[in-house]
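A.B. asks: what's the 3D shape of this:
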Amino acid sequence: MGIMSKILGGGGNRSVDDYVELDLDDFAEPPGEAGTQVHIAEISDKTDVIAIKDAVYDGDFVIADITRHSTSDRTIEHIIDELRQVADEVDGDIVQKGDDQLILTPTGVSISRQKLE
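C.D. replies: Numbers count the residues shown, from 1 in each chain. Have a look, this model is predicted:
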């Protein structure tokens, strides 16, 4: 199982505490300033959407935890529609992974709908 499969998979509830920061001293050459970032977000209510939209408009990726909402919840339906509109506006992409995550990409980045084998 690849590292992204481990990060995105697992089917359990994840929190920010589940992610560890790697010690860059372990790498031969530290990475330069990142122009694009991957943000981890949690959507508890509609106000959380503002920061997600800002990140995508700024050209960043967002992985959003939606486990606090049922997929039949009208609030999450509205939130997903709003984020889908943002992805369309920036020519990015959005997918829902299972019942617990949304992945949004910035301009010019699409998400494959096929799993790697």
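A.B. asks: which non-adjacent residue is nearest E42?
C.D. replies: Distances taken as Cβ to Cβ, 6 or more residues apart in numbering place D65 nearest to E42, at 4.5 Å, with adjacent residues excluded. Bear in mind the C-beta positions are built from the backbone N, C-alpha and C, glycine included.
A.B. asks: Verify the stated contact: the one you found with H39.
C.D. replies: No. Using Cβ atoms under 8 Å as the test, D65 is too far from H39 to be in contact (11.4 Å).
A.B. asks: buried sites along the helix ranked longest in the chain?
C.D. replies: When the chain is scanned for its longest helix (criterion: DSSP state H), the result is helix 74-89. When burial is assessed from 16 or more other Cβ atoms under 10 Å, helix 74-89 yields the following buried residues: 76, 79-80, 83, 86-87.
A.B. asks: hang on, the earlier thing: which of D65 and H39 has more neighbours?
C.D. replies: Here D65 and H39 are compared on neighbour count by other Cβ atoms under 10 Å; more neighbours surround D65, at 19 against 16.
A.B. asks: thinking again about what came up before, tell me the one among the buried residues of helix 74-89 nearest to D54.
C.D. replies: Taking Cβ to Cβ as the measure, D54 lies nearest V86 of the buried residues of helix 74-89, at 9.7 Å.
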